[in-house]
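Q: model this:
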Amino acid sequence: MGDVVGLVRVRSSEDEIKNSLGKALDLIGFKPKGPVKSVDIKVNLCYYWHASTGYTTDPRVVDGIIDCVRERYGMGTRIRIVEADGTAMRTKHSFLMLGYEKLAKEKSVELFNLSQDETSQEKVCVNGREIAFQIPQSLLKSDLFINVPKLKIMRDTKITCALKNVYGCIASPRKIVYHPILNEAIVGINKILHPDLTIVDGLVALGRFPIQLGLIMVSRDPFSADWIASQIMGFNPSKIKFLKIAMKEKLGDLEGVKTSGENMITFKRIFPKGNFFSSKRWWDIQLGLFRLYSKVVNDVVPPMLEKDMKS
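A: I've put the predicted structure just below:
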């Protein structure tokens, strides 16, 4: 069954972010399942881009989450900020470059690379296909697993938010191996890992360009968060492939999905929606031109484009 999604307008000061987070949690009536002694906060550090670009989780949001956790569940709660290595990103560098080492010292919390965790291989079936994942075992032991994605569009899946950020928990660095079945892989990993709480960082959102959206979204259910997020970003959620698969696989349910707090339309109106120039079709045209250029002048291709050039 789906769940309520709280929407709160927020300004950029740390005190206001913390207050907005508390208000958002109250909007959905969030209560943990039991005593909270350990907390894992999964951020989205997909690459080395600063939070002002809209690509990565803003440390100020995580700062506010840490304060909220300690106020509500005690100063002795063990808190970790977690991320896993990616195909073209190393977590230790992201933690340093994006302000998380500084934050960890100031707040006396841990930084943890999920790719260095003890793992187990688990398999799930999605759309009749068996998919194997390396699962960080410590995530399964956390009392409170908080998912903190960004609100942004993505060429391959149209949107990337709550469910996609859980995909980032896969311990194997070379997540590129899942790209041919990316939508199924997103659903598959969410069948195994279940965040207790999703807090979407929409301070700066990323559409056709970054925008100061000033939004915090919260929900107990990642599917519900993505269903609302896709509408804010200008998409029909019923046409987002991984959301369709999630419903087919009984991972998502529209019953009970609703918003509380701010009106979703307020943010939808100003979100810089994708258009032809940010679409897959336009990207394919650009890649065709790159292929032609490469053949004519025998020049090198930027590394980030190599996988697309070879496809």
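
Q: from here on, just use CA atoms for contacts and neighbour counts.
A: OK.

Q: now the chain, which segments are flagged as low pLDDT?
A: Low-confidence segments of the chain (pLDDT under 70): 275-311.

Q: can you give me the domain assignment for it?
A: 4-275, 279-311 (automatic domain parsing).

Q: deepest in the core, which of those domains is it.
A: domain 4-275 (a mean of 19; mean count of other C-alpha atoms under 10 Å).

Q: Glu101 contacts Phe95, doesn't it?
A: Yes - with contact defined as C-alpha atoms under 8 Å, Glu101 reaches Phe95; the gap is 5.6 Å.

Q: what packs against the helix or strand hosting Glu71?
A: Using DSSP states H and E, Glu71 maps to helix 59-73. Packing partners of helix 59-73 (3 or more C-alpha pairs under 8 Å, 6 or more residues apart in numbering; DSSP states H and E): helix 14-27, helix 100-107.

Q: which strands or helices does whichever helix or strand comes after that helix pack on?
A: As assigned by DSSP H and E, the chain's next helix or strand after helix 59-73 is strand 78-83. Under the contact criterion of 3+ C-alpha pairs under 8 Å, 6+ apart, strand 78-83 touches strand 38-42, strand 110-113.

Q: for those strands, could you give me a markdown table that also reports distance to Arg90?
A: Putting the helices and strands packed on strand 78-83 into a markdown table (distance: least, C-alpha to C-alpha, whole Å) gives the following:
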| stretch | distance to Arg90 |
| --- | --- |
| strand 38-42 | 15 |
| strand 110-113 | 9 |
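
Q: nearest to Asp15, out of the ones you listed?
A: strand 38-42 (19.5 Å; C-alpha to C-alpha).

Q: OK, contacts around Lys191?
A: Applying C-alpha atoms under 8 Å, 6 or more residues apart in numbering, we find Lys191 in contact with 124, 251.

Q: and if we set it to 7 Å?
A: Leu251 (C-alpha atoms under 7 Å, 6 or more residues apart in numbering).

Q: now it: how far from Tyr55?
A: 25 Å (C-alpha to C-alpha, to the nearest Å).

Q: what lies in contact with the host helix or strand of Leu7?
A: Assigned by DSSP H and E, Leu7 falls within strand 4-9. By C-alpha under 7 Å, 6+ apart, the residues outside strand 4-9 that reach it are 20, 24, 27-28, 214-219, 224-225, 256-262.

Q: where along the stretch 151-300 of the chain do the strands fall?
A: In the stretch 151-300 of the chain, the strands defined using DSSP state E, counting those that start in this stretch lie at 158-160, 197-206, 210-219, 258-261.

Q: run the chain-centre distance for the first one.
A: From the chain centre to the centre of strand 158-160 is a distance of 10 Å (C-alpha atoms, centre = their mean, to the nearest Å).

Q: packing partners of it?
A: strand 150-154 (3 or more C-alpha pairs under 7 Å, 6 or more residues apart in numbering; DSSP states H and E).

Q: now do the strand it packs on and strand 210-219, the angle between them.
A: 120 degrees (axes from the mean of the first three to the mean of the last three C-alpha atoms, to 10 degrees).
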